[in-house]
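Student: here is my input, please return the structure:
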Amino acid sequence: MYKVNTQALRICLVNPKLEGPYPPLGVGYVASYLRKYGKDSYNIKIIDGNCCRDALKEVYKFNPELVGFTALSPQIKEAIGLSWQIRNWKKEILQVIGGIHVSAMPEETFSKGAFDIGILGEGEETFCELVDLFSRNKVSQDALERIKGVCFKDKGAFYCTPWREGIADLDMIPPPARDLFDMEHYLSYSLLIRGITGSRITTVMGSRGCPFNCTFCSSKIIFKGVRQFSPGYIIAEIKDLIKQYNIKAIFFTDDTFTI
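Tutor: Numbering: from 1, shown residues only. The predicted model follows:
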């Protein structure tokens, strides 16, 4: 179905432009998980549309063999446009789409974009399994049908496999690969967070999921139930942020922090 001819697989993770002061932790977790648990050593680059003038130009420059998009609904139009431009440039590049939009509307997303594979729900384990297969030239319909939490088209038919269970022990996931972000771009914003005004403010995720079932919220689509990082994990991450980036304040992005 797809073939890789190089040993050092180049993987480009793209966050389409969505102007705001917070780094895309989702792709950061995917990158850090792949670094730790991938069967090979991969060359990973995050291209963040919020920090570069021309994301497509950066993709061309990196010349990846696999491109992974993340997309909230406000980002999906740009992700679709980029996917077609990349397809017209090099049709052999494997294109993967993850995030809330494709998880909520998989078939509709594939009807418009040039994506090869979609990841449904939490992406760390699924993307890692997919990349390991791709690096060994083993991505086929039969192989994809054995991976939980993916959707794809083959010979005109659309397939979705059963969703993968959420990672029970969140501490096994390394903190986001912030070294692949332009952290200074995000830390330059002057923000008002919980009564604190200033810059060098960033985000930390202390838990995943929410116990409620609100009709307007996408959390219940991606995350099943509530799981928490341990206090020790969170404290270590905050200490590292202070040491590496001179952070002055933290904004917790949990769906329901006080749970």
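
Student: neighbours of Trp89, how many?
Tutor: Neighbourhood size, Trp89 [other CB atoms under 10 Å]: 12. The C-beta positions use only the backbone N, C-alpha and C, and glycine is treated the same way.

Student: which ones are touching it?
Tutor: Tyr60 (CB atoms under 8 Å, 6 or more residues apart in numbering).

Student: point out where this protein drops to low pLDDT.
Tutor: Residues of the chain meeting the criterion pLDDT under 70: 1-7, 193-196.

Student: at 50 instead, please
Tutor: Applying pLDDT under 50 to the chain picks out residues 1, 3.

Student: okay, strands next: where are they in it?
Tutor: Remark: strands assigned in the chain by DSSP state E are 10-15, 43-48, 66-70, 94-98, 117-119, 150-154, 157-160, 191-193, 196-198, 201-204, 207-208, 227-228, 249-252.

Student: as CSV, those strands with distance to Pro176 and mean neighbour count would be great.
Tutor: Below are the strands of the chain laid out as CSV (distance: least, CB to CB, whole Å; neighbours: other CB atoms under 10 Å):
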stretch, distance to Pro176, mean neighbour count
strand 10-15, 11, 25
strand 43-48, 10, 21
strand 66-70, 12, 27
strand 94-98, 15, 26
strand 117-119, 17, 27
strand 150-154, 23, 19
strand 157-160, 28, 12
strand 191-193, 19, 14
strand 196-198, 22, 11
strand 201-204, 9, 20
strand 207-208, 13, 20
strand 227-228, 17, 14
strand 249-252, 14, 16
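
Student: turn those strands into JSON lines, columns for distance to Asp132.
Tutor: Shown next, in JSON lines, are the strands of the chain (distance: least, CB to CB, whole Å):
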{"stretch": "strand 10-15", "distance to Asp132": "11"}
{"stretch": "strand 43-48", "distance to Asp132": "14"}
{"stretch": "strand 66-70", "distance to Asp132": "11"}
{"stretch": "strand 94-98", "distance to Asp132": "13"}
{"stretch": "strand 117-119", "distance to Asp132": "14"}
{"stretch": "strand 150-154", "distance to Asp132": "14"}
{"stretch": "strand 157-160", "distance to Asp132": "20"}
{"stretch": "strand 191-193", "distance to Asp132": "39"}
{"stretch": "strand 196-198", "distance to Asp132": "43"}
{"stretch": "strand 201-204", "distance to Asp132": "29"}
{"stretch": "strand 207-208", "distance to Asp132": "23"}
{"stretch": "strand 227-228", "distance to Asp132": "24"}
{"stretch": "strand 249-252", "distance to Asp132": "32"}
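
Student: which residues of the stretch 1-150 of the chain fall in helices?
Tutor: 25-37, 55-62, 76-89, 100-104, 106-112, 124-135, 141-145 (DSSP state H, counting those that start in this stretch).

Student: closest to Met183 out of those helices?
Tutor: Nearest to Met183, of all the helices of the stretch 1-150 of the chain, is helix 25-37, at 10.4 Å by CB to CB.
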